[in-house]
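Asks: sequence-free structure coming up:
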């Protein structure tokens, strides 16, 4: 499926204006859906943008590190509420949890000590841990959102210690290879865009170094292309079970903390950043490294996303995030919502057949219909999907009653008489109010 011509023209205009006003040598922007590029817009000539040219991801890397953490959690290597000292013994900041590190609510300062890690070759995990002192805690956990690159360096150290495998190898084997992201690499591979600082006075270009950041690599090392990032946006919207279960990605994209308590337009999950634009919420992440800025966002419900790269340390004026979210919003506003084909539902059997139909609670009507092997209960501002876990017992998997138990209360004759959901009793009788 391609975009409408008027949508493409709007995206082309956004890219051209961002590159010109932002004074960046090269800007690549793509609208993506279902792991594919729907429309690519490039502007600038140093280099001429191409969907297969690498740019540095910066902190978009953190979403991949977070995915590794959640994989190993699901496999039983650790729990998110494990204290850090359990996996990095002897650390003076061991009283914070993996969950707090993932969501940037650990209280850790933003950067490790020493020279600016983004512009200098990094040391190994032992060197990173040797620099840790209690003073790295700049605030109490969960006091407020405090973005921390150091937190993701420590998560990478945990991954290496519990698996015995370097972070870079884990990324390739566990995430990139299963998703077919062959052009996402630890070091740049030609063709790749050289990164620059654009001088504010004369517009001259100053090429930036591209160091191996060592133990801080989990915070921002990776290089990738628009084509590969389309696959990553597709994964965040529609997870691949070989990498992570949908329920785990949903958990990652649920808000842990709000970053701006006045306007509530920015938040953070367990890895992904969350952006609210109007009545929509996007999941993704921004990134920057010397000479590069990047941004990825996806509207998970529609599966439409955006990828933006520029090979300068700043996009003057709007900024890379505003360009990215503006392009995605323009595409969502312009494109018709895909309409799924209607298919006859599977006929319910057993308990499902017994309780499908109309139910009433406090004078309001609710409906239960079969949804594959599950049940869907809908009503006034209510929708819950239930799965059977035992005779006469169903568990809410999503919606208003997620996690709650639906119990079938039978009459002496053995037929369903009431449904008990978290002590609310539903009846076939519209006049029943108990």
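Replies: Done, it's in. Source: prediction; values computed, not measured. Numbering: from 1, shown residues only.

Asks: what helix or strand does the nearest residue to residue 379 once chain neighbours are set aside sit in?
Replies: Sequence neighbours aside, residue 366 is the residue nearest to residue 379 in space, at 3.6 Å (criterion: C-beta to C-beta, 6 or more residues apart in numbering). (C-beta placed from N, C-alpha, C; glycine too.) Using DSSP states H and E, residue 366 sits within strand 364-371.

Asks: Would you map the strands across the stretch 251-400 of the chain?
Replies: 257-258, 266-268, 273-277, 280-289, 292-299, 304-310, 357-361, 364-371, 374-379, 382-390, 393-399 (DSSP state E, counting those that start in this stretch).

Asks: What's the local residue count around residue 318?
Replies: Look at residue 318: counted by other C-beta atoms under 10 Å, it has 16 neighbours.

Asks: okay, it: pLDDT?
Replies: Confidence at residue 318, expressed as pLDDT, is 85.

Asks: Backbone dihedrals for it, both of them.
Replies: phi -70, psi -40 (degrees, to the nearest 10).

Asks: Likewise for residue 27?
Replies: Taking degrees, to the nearest 10 as the convention, residue 27 sits at phi -140, psi 130.

Asks: surely it meets residue 43?
Replies: Yes. Using C-beta atoms under 8 Å, residue 27 is in contact with residue 43, at 4.9 Å.

Asks: Among the two, which residue is more densely surrounded?
Replies: residue 27 (29 against 22).

Asks: what's across from that one in the sheet?
Replies: For residue 27, the beta-bridge partners are residue 43, residue 310 (DSSP bridges).

Asks: where's the nearest residue to residue 48 once chain neighbours are set aside relative to residue 251, distance?
Replies: Counting by C-beta to C-beta, 6+ apart, residue 48 lies nearest to residue 42, which is 6.8 Å off, once chain neighbours are set aside. Distance of residue 42 to residue 251, given as C-beta to C-beta, to the nearest Å: 35 Å.

Asks: neighbour-wise, which of the two wins?
Replies: Comparing residue 42 with residue 251 by other C-beta under 10 Å, the one with more neighbours is residue 42, at 22 against 17.

Asks: what about the helices in the stretch 201-350 of the chain?
Replies: With DSSP state H, counting those that start in this stretch applied, the stretch 201-350 of the chain shows helices at 226-237, 246-252, 320-334, 350-355, listed in chain order.

Asks: and among those helices, the most buried is which?
Replies: helix 226-237 (a mean of 25; mean count of other C-beta atoms under 10 Å).

Asks: which other helices and strands contact it?
Replies: If contacts are counted by 3 or more C-beta pairs under 8 Å, 6 or more residues apart in numbering; DSSP states H and E, helix 226-237 sits against strand 26-33, strand 36-44, helix 61-74, helix 177-179, strand 280-289, strand 292-299, strand 304-310.

Asks: re earlier: let me know the pLDDT of the residue nearest to residue 379.
Replies: For residue 366, the model assigns a pLDDT of 97.

Asks: what sits opposite it in the beta ladder?
Replies: When bridges are called by DSSP bridges, residue 366 pairs up with residue 359.

Asks: Tally up the residues packed near residue 397, please.
Replies: Residue 397: 15 surrounding residues under other C-beta under 10 Å.

Asks: which other residues reach stretch 225-234?
Replies: For stretch 225-234, contacts defined as C-beta atoms under 8 Å, 6 or more residues apart in numbering pick out 28, 30, 32-37, 40, 51-55, 57, 60, 63-64, 179-184, 224, 284, 296-298, 303, 305-307, 309.

Asks: now that stretch, how far from the centre of its chain.
Replies: Distance, stretch centre to chain centre, for stretch 225-234: 13 Å (C-alpha atoms, centre = their mean, to the nearest Å).

Asks: average pLDDT across that stretch?
Replies: Taken as a whole, stretch 225-234 carries a mean pLDDT of 98.

Asks: for stretch 159-169, same thing?
Replies: Stretch 159-169 comes out at a mean pLDDT of 97.

Asks: helix/strand/coil for the closest residue to residue 309 other than its chain neighbours?
Replies: Leaving aside its sequence neighbours, residue 309 sits nearest to residue 55 (C-beta to C-beta, 6+ apart; 3.7 Å). What DSSP: H, G, I helix; E, B strand; the rest coil gives for residue 55 is strand.

Asks: check contacts around residue 55.
Replies: 28, 192, 193, 195, 223, 224, 225, 292, 294, 309, 310, 311.

Asks: Can you get me a residue count around the last one?
Replies: Going back to what we said before, that points to residue 311. With other C-beta under 10 Å as criterion, residue 311 counts 29.

Asks: Disregarding residues adjacent in the polypeptide, which is nearest to it?
Replies: residue 193 (4.1 Å).

Asks: Against residue 403, how distant is that neighbour?
Replies: Residue 193 sits 46 Å away from residue 403, going by C-beta to C-beta.

Asks: With neighbour numbers in mind, choose between the two.
Replies: In this view residue 193 and residue 403 are compared by other C-beta under 10 Å, and residue 193 has more residues nearby, 27 against 10.

Asks: Give me the pLDDT for that one.
Replies: 97.

Asks: Which residues are in contact with it?
Replies: Counting by C-beta under 8 Å, 6+ apart, residue 193 has contacts 25, 26, 47, 53, 54, 55, 292, 309, 311.

Asks: Apply 10 Å and report the result again.
Replies: Contacts for residue 193 (C-beta atoms under 10 Å, 6 or more residues apart in numbering) come out as 25-28, 44, 46-50, 53-56, 223, 291-292, 309-312.

Asks: go on, residue 312?
Replies: 19, 22-27, 44, 46, 193, 195-198, 205, 208, 288, 291-293, 320.

Asks: Spatially nearest residue to it, not counting backbone neighbours?
Replies: Using C-beta to C-beta, 6+ apart, the closest residue to residue 312 is residue 24 (4.1 Å).

Asks: Let me see the domain layout of this structure.
Replies: 5-334, 350-427 (automatic domain parsing).

Asks: just those: most buried one?
Replies: It is domain 5-334: most buried of the domains of the chain by mean count of other C-beta under 10 Å, with a mean of 19.

Asks: next one: it to chain centre, how far?
Replies: 9 Å.

Asks: Span of it from start to end?
Replies: Using C-alpha to C-alpha, to the nearest Å, one end of domain 5-334 lies 10 Å from the other.
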